[in-house]
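Participant: Need coordinates for the below:
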Amino acid sequence: MLIVFRSRACADLIMIGASGKDILQIIDKKPDDRQGIVTIDQLPEAITLMKAAMVANKDEPFDPPEHAEESAEDDETAVDDAAMDVGLYRRIVPLLALFERSLAAATPVTWES
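Facilitator: Numbers count the residues shown, from 1 in each chain. Here you go, the predicted model:
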């Protein structure tokens, strides 16, 4: 499953479902909702929450999978394995940028899965 975050301030951001759900939970949104919105009024708090989560997870090690260079039999499994090896800190960065640009442009962020 993929989650697509949209804003008129910049390009769409597509995340693997598990990563997107983790971040939705961090910003106090229901991760199981198929769609939703972060209003302009909610953006500052969401940005603060994401930054706090980044600080708390900044020291997560990054260990690329040992099999990354090998040809995987199941590409979907390979993608899932690689996503699990990237820490929350690194997963938040692009979404944080989208939220900050949206706030500057006074436009909400929506998502759908």
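Participant: Now stretch 11-20: buried residues?
Facilitator: By 16 or more other Cβ atoms under 10 Å, the buried positions in stretch 11-20 come out as L13, M15, I16, S19, G20. Just so you know, the C-beta spots here come from the backbone N, C-alpha and C atoms, and that holds for glycine as well.
Participant: An error on my part: the question was meant for stretch 38-58.
Facilitator: Buried residues in stretch 38-58 (16+ other Cβ under 10 Å): V38, Q42, L43, A46, I47, L49, M50, A53, M54.
Participant: Identify all contacting residues around that stretch.
Facilitator: Applying Cβ atoms under 8 Å, 6 or more residues apart in numbering, the external contacts of stretch 38-58 come out as 23, 26-29, 87-89, 92-93, 95-96, 99-100, 102-103, 106-110.
Participant: how near is A46 to L103?
Facilitator: In this view, A46 and L103 are 9 Å apart by Cβ to Cβ, to the nearest Å.
Participant: quick one: least confident helix or strand in the protein?
Facilitator: Scoring the helices and strands of the chain by mean pLDDT, DSSP states H and E places helix 75-84 at the bottom, with a mean of 52.
Participant: Which phi and psi values does the residue nearest to the spatial centre of the chain adopt?
Facilitator: Centroid-nearest residue in the chain, with Cα atoms, centre = their mean: G20, separated by 4.4 Å. Dihedral pair for G20: phi -60, psi -40, per degrees, to the nearest 10.
Participant: now the closest residue to I3 other than its chain neighbours: how far from R91?
Facilitator: Once flanking residues are discounted, I3 sits nearest to G20: 3.3 Å by Cβ to Cβ, 6 or more residues apart in numbering. Separation of G20 from R91 (Cβ to Cβ): 9 Å.
Participant: thinking again about what came up before, now, which of the buried residues of stretch 11-20 sits nearest D33?
Facilitator: G20 (11.2 Å; Cβ to Cβ).
Participant: For that closest one, which residues are in contact?
Facilitator: With Cβ under 8 Å, 6+ apart, G20 has these contacts: L2, I3, F5, P31, W111, S113.
Participant: Can I take it that the fifth one is in a strand?
Facilitator: By that I understand W111. Yes - the assignment for W111 is a strand, going by DSSP: H, G, I helix; E, B strand; the rest coil.
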